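# Could you look at this predicted model? Sequence included:
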Amino acid sequence: MANIAHQFMRELTAPQAWILLLLPLFLFLVRYSLIARRARKIRQQQDPHLPPSPPALPVLGHLHLVGSLPHVSLRSLAMKHGHDLMLLRLGAMPVLVVSSPRAAEAVLRAHDHVFASRAHSLVAEIVLYGPSDVGFAPYGDYWRKARKLITTHLLTVKRVQSLRHAREEEMSTVMARIGEAAAAGVAVDVSDLLGSFANDLACRAVMGKSYRDEGRSKLFRQLVADTSPLLGGFNVEEFFPFLARFGVLSKVVRAKSERLRRRWDELLDRLIDDHESKYEPMAAASDPNKDEDDDFIHILLSVRQEYGLGREQMKAILLDVFFGGIDTAATVLENTVVQLMKSPHVMRKLQAEVRSVVPKRQEIVGEVDLKDMAYLRAVIKESLRLQGAVPLLAPHFSMDTCSVDGVVIPAGVRVMINVWAIGRDPRFWGEDAEEFVPERFLDGGSAADVGFKGNDFQFLPFSAGRRQCPGMNFGMAAVEVMLANLVHQFDWEMPAGKEARDIDMSVEFGLVVHRKEKLILVPKLRA
Ligand code: HEM
């Protein structure tokens, strides 16, 4: 992977690092070729029923076949070597690639109990306290407890509904900024606006207010932006644990992670302390039935005894809301706006729907208005199908050897489910699979009955099974109301001299895949 090579080079530019590296590197090369040859022999003798694999290189395995956009390279490889399942070796790490709805159903439903874990990550261990969050915790008692906590107390349908005013207020702030730009006839940075919206909403949910004016909200955004590449990226020592044992690489990653953790600690400890000092007296007087308006920190304080939560575990769970909720929702929104700019007929049809449901004099589209907007939902689904925020899901990890469709998947394998490739496969979506056609999700369309709740394995933007995204309702509520408002009051144009076809679609890989360029558009108040 090109970005691994980059990362490697960046971190090892000091001459002493190269000297330090030479000897271990030599030992590493020799030892790896021996181990790999022996392992291959044993595998072939023991079990000829492994999933298909392309030819591999010594040491690197299949790393050289995976480019800077792994979801794209893995699709091309799967088309040649394993339409359903394919086994790769990235460095020393075995990776199962899943590329069809049938195989995804086997992994996420039939054998979910085997594949519901996560591999060890040094970064998650440090930044997420163990990891003690939900997203990175290995399958087991702690994960079950933490997951139960967030699904029964933090991300319930009732709680998401109770955040309606927060969403509408945050959205109105964004609309006011767009209104000012429209009045002045200037362009806006849509990426930045959508990013602040998702960030301020997460802050409101976690702390009860956005802290926008005090600058804390920006601090969170910056920290998420600094942490995400490390947490979601491919770190070299994960591919070459043997090399990491010499310490050069793990020291670099460890030092970076520890710096980030100190910054998070400072921010989160202060917030929890603030809440704790107000919580105790309030808790005594509180009505046990009325906790709907509580923010997430208060809720965690109120259930910490029941769930046996320490301070670090509380912080880790809060971090899930920042990492799970900000980038994903902002990316889905931005990708949808890009698709709409490139398909003006869809934009017009969507505007017609929203404007017919909500009269012009009503400045803001409220959440009650959304129920009559079937095309809006179809547009968002189509955008999630073509360019979901998390194209390979978060890698799963096999806890045991397991037989899937006549092939054997060993224990200790990372599993990448290529939902991006599955969502564009003409075998399941027809000849127009690469085109943006929201009508397919409307009544009478070819995918009218296909939903994202985890029952339709050709469409998995939020995954399925035990590890399915618990923030689906939270994320979709934000995406729907914001998109409806963006197209209700405003028409959108490209900056002077640019065409929608000029919008650069290059993306940068991470757990969440972003466009590289900022989306700059000119809002016009609707006539
Ligand atoms: C539109 C927005 C969102 C999208 C597209 C999305 C997508 C995903 C995906 C694909 C996964 C990985 C599932 C797997 O590994 O099988 C995931 C996991 C997760 N998401 Fe979301 N997500 C969104 C919003 C949110 C929000 C708002 C939150 C929290 C407030 C959240 C919290 C989480 C957590 C905690 C996990 C880990 C679950 C586990 O490992 O048990 N997500 N999400």
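Nice, I can see it.
# rest of the way, CA atoms for contacts and neighbours
Noted.
# tell me what the helix or strand encompassing G195 is packed against?
Here G195, judged by DSSP states H and E, is contained in helix 190-207. Applying 3 or more C-alpha pairs under 8 Å, 6 or more residues apart in numbering; DSSP states H and E, one finds that helix 190-207 contacts helix 164-184, helix 216-232, helix 296-307, helix 311-342, strand 520-525.
# I'd like to check the angle between that helix and strand 520-525, please.
Angular relation of helix 190-207 and strand 520-525 on a 0 to 180 degree scale: 80 degrees, by axes from the mean of the first three to the mean of the last three C-alpha atoms, to 10 degrees.
# Quick one: name the residues of the protein near the ligand.
134-135, 320-321, 324-325, 328-329, 332, 389-390, 393-395, 461-463, 467-472, 474-476 (C-alpha under 6 Å from any ligand atom).
# Filter the residues you listed down to just the ones in helices.
With DSSP state H as the criterion, helices contain D320, V321, G324, G325, T328, A329, V332, M472, F474, G475, M476 from among the residues of the chain next to the ligand.
# and the residues you listed as CSV, adding pLDDT and neighbour count?
Shown next, in CSV, are these (pLDDT from 0 to 100; neighbours: other C-alpha atoms under 10 Å):
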residue, pLDDT, neighbour count
D320, 94, 19
V321, 94, 23
G324, 90, 19
G325, 87, 20
T328, 95, 23
A329, 96, 23
V332, 98, 25
M472, 97, 19
F474, 97, 20
G475, 97, 20
M476, 98, 17
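# got these as JSON lines, with distance to R102 columns?
Output for these, formatted as JSON lines (distance: C-alpha to C-alpha, whole Å):
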{"residue": "D320", "distance to R102": "30"}
{"residue": "V321", "distance to R102": "31"}
{"residue": "G324", "distance to R102": "27"}
{"residue": "G325", "distance to R102": "29"}
{"residue": "T328", "distance to R102": "26"}
{"residue": "A329", "distance to R102": "28"}
{"residue": "V332", "distance to R102": "26"}
{"residue": "M472", "distance to R102": "23"}
{"residue": "F474", "distance to R102": "28"}
{"residue": "G475", "distance to R102": "27"}
{"residue": "M476", "distance to R102": "26"}
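# Among those, which one lies nearest to S162?
S162 has its nearest neighbour among those in F474, at 10.7 Å by C-alpha to C-alpha.
# Skipping adjacent residues, who's closest to that closest one in space?
Spatial nearest neighbour of F474, excluding adjacent residues (C-alpha to C-alpha, 6 or more residues apart in numbering): V160 at 5.6 Å.
# for R526, same thing?
Leaving aside its sequence neighbours, R526 sits nearest to F490 (C-alpha to C-alpha, 6+ apart; 5.0 Å).
# Tell me the spacing between the one you found and Q351.
According to C-alpha to C-alpha, to the nearest Å, F490 stands 9 Å off from Q351.
# between those two, who's got more neighbours?
Q351 (22 against 19; other C-alpha atoms under 10 Å).
# tell me which element the more buried one is part of?
According to DSSP H and E, Q351 maps onto helix 344-357.
# What lies in contact with that helix?
L340, M341, D369, D372, M373, Y375, L376, P438, A484, V487, H488 (C-alpha atoms under 8 Å, 6 or more residues apart in numbering).
# Check the burial of the third one by counting its neighbours.
Residues near D369, counting by other C-alpha under 10 Å, number 14.
# just D189 next, same as before
Here the count is done by other C-alpha under 10 Å, and D189 has 13 residues near it.
# so who does the closest residue to it other than its chain neighbours touch?
Using C-alpha to C-alpha, 6+ apart and skipping the chain neighbours, the partner closest in space to D189 is I520 (4.7 Å). The neighbours of I520, taking C-alpha under 8 Å, 6+ apart as the test, are A187, V188, D189, V190, S191, M494, P495.
# nearest to the ligand, of those residues?
The nearest member of the contacts of I520 to the ligand, counting by C-alpha to the nearest ligand atom, is S191 at 15.2 Å.
# I'd guessed that closest one sits against R515; true?
No - contact criterion C-alpha atoms under 8 Å: S191 and R515 do not qualify, at 9.4 Å.
# Neighbour count: these two, which is higher?
Neighbour count, other C-alpha under 10 Å: between S191 and R515, S191 has more, with 21 against 17.
# Can you show me the helices along the stretch 1-150 of the chain?
2-11, 15-46, 70-81, 101-105, 112-115, 122-127, 141-149 (DSSP state H, counting those that start in this stretch).
# re earlier: would you mind finding the most buried of the helices and strands packed on helix 190-207?
helix 311-342 (a mean of 22; mean count of other C-alpha atoms under 10 Å).
# Contacts only, for the nearest residue to D449 once chain neighbours are set aside.
Excluding its sequence neighbours, the residue lying closest to D449 (C-alpha to C-alpha, 6+ apart) is F441, at 7.3 Å. Applying C-alpha under 8 Å, 6+ apart, we find F441 in contact with A378, K381, E382, A447, A448, D449, V450.
# Am I right that the first one sits in a helix?
Yes - inclusion of A378 in a helix is indicated when DSSP: H, G, I helix; E, B strand; the rest coil is applied.
# which residues does it contact?
P438, E439, R440, F441, L442.
# Surely the second one and G445 touch.
Put plainly, it is E439. Yes - under the criterion of C-alpha under 8 Å, E439 makes contact with G445 at 6.1 Å.
# what about K381, neighbour count?
K381 has 23 neighbours, counted by other C-alpha under 10 Å.
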